[in-house]
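S.K.: Based on what follows, work out the 3D shape:
(chains A, B, C and D)
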2 protein chains.
Amino acid sequence: MMNKKISIKDIAKLTNTSITTVSFVLNGKGRISKEITKKILEVAEKNGYEPNRMAVGLRTGVSKVIGLVVENIGGPFFGEMAKVIEEEADREGYRIIYCSSDNNIQKGKDVIRMLSQQLVDGYIVTPMKGLEKDIQNLIANEKPVILIDGYFKGLDIPHVLVDNYSSAYNAVEHLINAGYKKIGLVTADIDLVQLDDRMQGYKDALKTNGLKENKKLIFKSPFHMDKSEATNAIKNFIAQNKQMDAVFFTTNYLGIMGLQSIKELGLTIPDDLAVVSFDDNEVFSLYPPGITTIRQPTYEIAKSAIDLLLSQISGDKHDISKVKLRIPSKLIERSSTAIKKQV
Amino acid sequence: MMNKKISIKDIAKLTNTSITTVSFVLNGKGRISKEITKKILEVAEKNGYEPNRMAVGLRTGVSKVIGLVVENIGGPFFGEMAKVIEEEADREGYRIIYCSSDNNIQKGKDVIRMLSQQLVDGYIVTPMKGLEKDIQNLIANEKPVILIDGYFKGLDIPHVLVDNYSSAYNAVEHLINAGYKKIGLVTADIDLVQLDDRMQGYKDALKTNGLKENKKLIFKSPFHMDKSEATNAIKNFIAQNKQMDAVFFTTNYLGIMGLQSIKELGLTIPDDLAVVSFDDNEVFSLYPPGITTIRQPTYEIAKSAIDLLLSQISGDKHDISKVKLRIPSKLIERSSTAIKKQV
DNA sequence: TCTTTTTGGTAAAACGTTTTATCAAAAAGA
DNA sequence: TCTTTTTGATAAAACGTTTTACCAAAAAGA
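M.R.: Below you'll find the model as predicted:
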């Protein structure tokens, strides 16, 4: 039963060498003879030596840890990202510290401050309004930052996210092509560029296809509502707009509550109401008759983000402040947007 | 634009005091006069001083980081836990480093070895066979460990998880009470105590209620299969057992694939086949006619685990090696287990 | 042979803290 | 007044590394 951590100093003593020699051997630097090298390696191995990351971190300024600040680590979208990011980072010997911001500015600030205590070598952050200064500060302190799932309008901070505008545009156009003419929008009443972009895609798709935008068909669901409240709100919205023949939900969460609402109203999809939702999800593939969705390229987003970050961390001197990746989404067509039956 | 990290030494210089004094003030130790205290605090505040965690960690041996080793951070169950654990830990100033083990022994070992480099103050781990030694090693090295969602048979390592046995027992008994007599089981072919316990609950419920266990009605789905393969396998199982009138899926994942299978086979729930699944999930509440599930007390599990861990970390000398929490689950009854129609 | 280069190795400083031991000056006791 | 105690502050060591600068001995050049 190996006990108590062994240090480089102990190994030096055990092998009648110096601390420097041991360090050199363990890091493959310096010039040390075969025999000594072998002996040191053996002793280190036998005693299960592991470097003290704190000491290494203090000395080198490198923690080999990446900070991941997402809206909610428990959600399906961010969870998936977290998985990919972890795998990719692990390959380069990096670990991940996560923090959820809960879309709360103060919490976001706190979290970033905490992580900036030399604890992490770089950041992947889902941005939110009000965090601009904090993020710029990180960058000023030489810490690479990549934003995911959002960006700051007008600021040159590298980011990677799905092409929200085109995704929404295409989804709505898909509805139009299937014969729907009174297309509603359900979005969240929260100030996020992602949602703005989606809304703009919706509006532009209508306009380009000669349909009039109708304020009444746009519903912004208040943000701080519990599930049943929100479901009721959506129910009301749908019930009050009988002429509406299709609806586009701008998030996963809203889509699911939307299905619940539609079910409770006793409406049939797509005959009474066609449905498209952002973010694919098990529910949508299984729920009869199958809900058409915009599948986010989670893997690609996460992979691009972590790759960019790692290359910056390991000293790539390219200026990536202008890197702004918009990754195309995939429209998963299911029966909820079948060609409209003519009445 | 504050730039470059400021250290305790800089503050000392700026205030014509010593490093010790600054440290004392910042940590509320020692006896320092009001004026000096005020001056130091001001300077620290103005310059945005943040202690270097690496230095603190090296000196004190405390990292204020907790290691979370789960099967898959991306999954709904573990994601939810991760969220709760993070929130609770944050309250005490702890951050979380996560690693996914992917139910792969080697990866689990690697991950634990990495974290044991003085990087974390304690662990929350989902155990898997083969990791016994590694976990015991951690404990021998004075690092508190709490297991979640599983445990090691015969070892006194504190753990907290749902009461798998009773949960399964109750679910199956619920089916029996609703009139079902040929109850099948779909589980995963992987060596996890959780699944063993669930299976045992199933078997005992049958026996106690005078039903005969039938090997043919038990299906162990091979572990490394992709989704469509697994769905097909389940389809076959169901198709080959026409007499089966109900089926119990021991995991979320299997349940969802099960629904897919049943859908593809064109069977009606519950008339052709009643369904219960472990792990509640949006899909199950939404999918018509509503699937009865065993809802894991995710919050309670995570909360108990992190609370136990934190109390150990902060020096609680109680021996908790015998703490073995089984938290009751809740059976969410939906229409998939409605009273059986008599033919 | 004497000088130069190469080889193999090490001492010591530094990273930014915390903490122990110490100390001078001021206050209190006598 | 002289001694003791309290107060306020600090120097220095330690945590475990990495890395620079240096050195002695051996090898190579001449």
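
S.K.: wait, A:Leu286 sits on B:Tyr287?
M.R.: Yes: contact between A:Leu286 and B:Tyr287 holds when scored by CB atoms under 8 Å: they sit 5.9 Å apart. No exception for glycine: its C-beta is placed from N, CA and C like everyone else's.

S.K.: what sits against A:Ser221?
M.R.: A:Val186, A:Thr187, A:Ala188, A:Asp189, A:Ala230, A:Ala233, A:Ile234, A:Leu254 (CB atoms under 8 Å, 6 or more residues apart in numbering or on different chains).

S.K.: Return the backbone torsion pair for it.
M.R.: phi -80, psi 120 (degrees, to the nearest 10).

S.K.: which neighbours do A:Leu286 and B:Tyr287 share?
M.R.: With CB under 8 Å, 6+ apart as the test, A:Leu286 and B:Tyr287 both reach B:Leu259.

S.K.: the helices in the stretch 101-250 of chain A, which residues?
M.R.: A:105-115, A:132-140, A:164-177, A:193-208, A:227-239 (DSSP state H, counting those that start in this stretch).

S.K.: Pull the number of nearby residues for A:Gly266.
M.R.: A:Gly266 has 7 neighbouring residues, counting by other CB atoms under 10 Å in any protein chain shown.

S.K.: Which residues are in contact with A:Ala230?
M.R.: A:Ser221, A:Pro222, A:Leu254, A:Met257.

S.K.: What spatial separation is found between the closest residue to the third one other than its chain neighbours and DNA strand C?
M.R.: Once flanking residues are discounted, A:Leu254 sits nearest to A:Val186: 5.3 Å by CB to CB, 6 or more residues apart in numbering or on different chains. A:Val186 is 49 Å from DNA strand C, where distance means CB to the nearest atom of the strand, to the nearest Å.

S.K.: A:Thr337 now?
M.R.: From A:Thr337 to DNA strand C the distance is 58 Å (CB to the nearest atom of the strand).

S.K.: Check what pLDDT that residue gets.
M.R.: At A:Thr337, the model reports a pLDDT of 98.

S.K.: How about the one 3 residues further on?
M.R.: What the model reports for A:Lys340 is a pLDDT of 94.

S.K.: Could you pull up the residues touching the residue nearest to it when sequence neighbours are not counted?
M.R.: Distances taken as CB to CB, 6+ apart place A:Gly179 nearest to A:Lys340, at 3.4 Å, with adjacent residues excluded. With contact taken as CB under 8 Å, 6+ apart, A:Gly179 is in contact with A:Ile339, A:Lys340, A:Gln342.

S.K.: and what of A:Val120?
M.R.: A:Val120 touches A:Ser63, A:Val65, A:Ile66, A:Gly67, A:Ile97, A:Lys143, counting by CB under 8 Å, 6+ apart.

S.K.: Neighbour count and distance to B:Ile40 for the residues you listed - can I get that in a markdown table?
M.R.: Formatted as a markdown table, the contacts of A:Val120 follow (neighbours: other CB atoms under 10 Å in any protein chain shown; distance: CB to CB, whole Å):
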| residue | neighbour count | distance to B:Ile40 |
| --- | --- | --- |
| A:Ser63 | 24 | 27 |
| A:Val65 | 22 | 30 |
| A:Ile66 | 26 | 33 |
| A:Gly67 | 25 | 29 |
| A:Ile97 | 22 | 29 |
| A:Lys143 | 19 | 26 |
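
S.K.: So which residues on the stretch 151-300 of chain A come close to chain B?
M.R.: Residues of the stretch 151-300 of chain A found near chain B (CB under 8 Å from any CB of the partner chain) are A:Ile256, A:Leu259, A:Gln260, A:Lys263, A:Asn281, A:Glu282, A:Val283, A:Leu286, A:Tyr287, A:Pro288.

S.K.: Check the spacing between the fourth one and B:Gly255 real quick.
M.R.: This points to A:Lys263. 20 Å (CB to CB, to the nearest Å).

S.K.: The two - which one has more neighbours?
M.R.: B:Gly255 (27 against 15).

S.K.: That one reaches B:Ile291, doesn't it?
M.R.: Yes: counting by CB under 8 Å, B:Gly255 does reach B:Ile291; the two are 7.1 Å apart.

S.K.: Mutual contacts of the two, please.
M.R.: Contacts common to B:Gly255 and B:Ile291, judged by CB under 8 Å, 6+ apart, are B:Val275, B:Ser277, B:Phe284.

S.K.: Which of those sits closest to DNA strand D?
M.R.: B:Ser277 (48.3 Å; CB to the nearest atom of the strand).

S.K.: Tell me if I'm right that the closest one and B:Ile291 touch.
M.R.: Yes: applying CB under 8 Å, one finds B:Ser277 in contact with B:Ile291, separated by 6.0 Å.

S.K.: Next, A:Gly255: secondary structure please.
M.R.: helix (DSSP: H, G, I helix; E, B strand; the rest coil).

S.K.: if I look at it, how far off is A:Ser167?
M.R.: 14 Å.

S.K.: Tell me the residues that contact both of these two, please.
M.R.: Joint contacts of A:Gly255 and A:Ser167 (CB under 8 Å, 6+ apart) are A:Phe278.

S.K.: Kindly reformat the shared contacts of B:Gly255 and B:Ile291 as JSON lines and extend each row with secondary structure.
M.R.: Below are the shared contacts of B:Gly255 and B:Ile291 laid out as JSON lines (three-state DSSP):
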{"residue": "B:Val275", "secondary structure": "strand"}
{"residue": "B:Ser277", "secondary structure": "strand"}
{"residue": "B:Phe284", "secondary structure": "helix"}
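
S.K.: which of those residues lies closest to chain A?
M.R.: The shortest approach to chain A among the shared contacts of B:Gly255 and B:Ile291 belongs to B:Phe284, at 9.5 Å (CB to the nearest CB).

S.K.: Let's see the pLDDT reported for the closest residue in space to that closest one that isn't next to it in sequence.
M.R.: What sits nearest to B:Phe284 in space, not counting adjacent residues and going by CB to CB, 6+ apart, is B:Ile291, at 4.0 Å. Looking at B:Ile291, its pLDDT is 98.

S.K.: phi, psi of B:Ile291?
M.R.: Backbone dihedrals for B:Ile291, given as degrees, to the nearest 10, come out at phi -100, psi 130.

S.K.: and it, how many neighbours does it have?
M.R.: B:Ile291, neighbours per other CB under 10 Å, totals 28.
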